[in-house]
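[1] Here is the input, now give the coordinates:
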Amino acid sequence: MHDERRPPVWQMVRDAVDALGGDTTNIAVRDWILRKYPGTNKSTISCQIIICSVNHDSRVHFPENHKPRTCSGRHDFLYRPQRGRIVWYDPARHGIWEIAERDDGSLCVQTANDAQDGGSDASVPPIGTEGHPAGEGATFAAESHLRDYLVQHLEDIEPGMDLFVDEQGIDGVEYSTPIGRIDILATDREGRFVVIELKVGQGPDAVCGQLMRYMGWTKRHLDEDSAVRGIIVAQRVSDRIRYALADVPNVTLKEYELSLKLRDAEPLE
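    Sure thing, here's the model as predicted:
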């Protein structure tokens with residue numbers, strides 16, 4: 001039964017930072033919330049800290065920040081001076097931050113000064129296999145473009161999937177481990193870890209080894225009690241990959257395709 005006295009988690013975060021003096025750590029905020037509101041989901045707390053931190057690059061991956069704006073709203077009250085620490089956002093000290101749209105339609109965080117200087121370099125949009133605009137047979141120009149799209153559309157991979165965020169506030173995009181970087185580390189609707197490896201074009205055999213290596217690390221270091229799942233996303237999955245993983249449990253293969261639709265531009269008034 002829902003407890004009407006429990007505020008939304010972003011408000012819990014704000015109250016925790018206030019109670020902790022306005023200069024604190026992600027872990028201290030989490031522990032304060034769990035003491036006051038037992039049973040609050042730890043991952044949700046971590047995600048809300050990212051969502052509300054004006055200079056956290058990954059905040060644009062969450063629905064609250066899917067539109068460009070100057071950071072002056074209810075989800076714009078934290079600043080991240082270093083990994084694992086947060087303070088009150090003060091535009092006079094930290095600059096005026098905003099969520100901006102690049103020329104290719106993707107979002108980024110930047111200061112107003114960055115915008116005046118031309119902003120961040122726009123990433124290269126998807127291109128066709130012969131260098132033509134996206135259409136039948138088109139692929140992403142780089143794995144990073146496929147990754148950034150999927151992070152904002154995890155529900156397209158599987159309903160109920162969420163981006164993983166650890167206790168230090170580090171999210172699952174290019175998640176760093178001692179054995180390499182996981183393209184996307186997520187959790188499914190049952191709370192199980194999902195390792196997602198991406199390949200543009202024809203995925204090479206190496207992706208199989210990468211996936212198994214990261215699944216093994218995740219199970220031993222993040223969740224020994226449940227089965228870790230793996231997903232490979234590629235434009236085309238080769239038969240060599242299919243055979244290599246045919247008898248491996250908890251691994252899913254997915255293929256993507258792009259399409260382009262044109263419409264007439266609005267005439268001038």
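[2] make it CA atoms for all contacts and neighbour counts henceforth
    Fine.
[3] Who are the packing partners of the helix or strand where residue 183 lies?
    When secondary structure is defined by DSSP states H and E, residue 183 falls within strand 180-187. Using 3 or more CA pairs under 8 Å, 6 or more residues apart in numbering; DSSP states H and E as the contact criterion, the elements in contact with strand 180-187 are helix 143-151, strand 162-163, strand 173-177, strand 193-202.
[4] ok, residues contacting that strand?
    When contacts are taken as CA atoms under 8 Å, 6 or more residues apart in numbering, the neighbours of strand 180-187 outside the stretch itself are 147, 151, 161-164, 172-176, 193-198, 214.
[5] Please save the CA atoms from it in CSV.
    Taking Å, rounded to 0.1, in the frame of the first residue of the first chain, the C-alpha atoms of strand 180-187 are listed here in CSV:
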residue,chain,number,x,y,z
GLY,A,180,37.4,-3.2,-19.5
ARG,A,181,34.4,-1.0,-20.0
ILE,A,182,30.9,-2.4,-20.3
ASP,A,183,28.9,-0.6,-23.1
ILE,A,184,25.7,-0.5,-21.0
LEU,A,185,25.1,-2.0,-17.6
ALA,A,186,21.4,-2.1,-16.8
THR,A,187,18.9,-4.0,-14.6
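[6] just the angle between that strand and helix 143-151, please?
    10 degrees (axes from the mean of the first three to the mean of the last three CA atoms, to 10 degrees).
[7] Pull the distance from strand 180-187 to the chain's centre.
    Taking CA atoms, centre = their mean, to the nearest Å, one finds the center of strand 180-187 at 10 Å from the center of the full chain.
[8] ranges for the helices of the chain?
    Ranges of helices in the chain, per DSSP state H, are 9-19, 26-36, 42-51, 91-94, 112-116, 143-151, 154-157, 206-221, 239-245.
[9] lowest-confidence stretch among these?
    With a mean of 68, helix 112-116 has the lowest mean pLDDT of these.
[10] Distance-wise, check residue 99 relative to residue 165.
    Using CA to CA, to the nearest Å, one obtains 21 Å as the distance from residue 99 to residue 165.
[11] need the helix or strand of the chain with the lowest average pLDDT.
    For the chain, counting by mean pLDDT, DSSP states H and E, helix 112-116 ranks last in confidence among helices and strands (a mean of 68).
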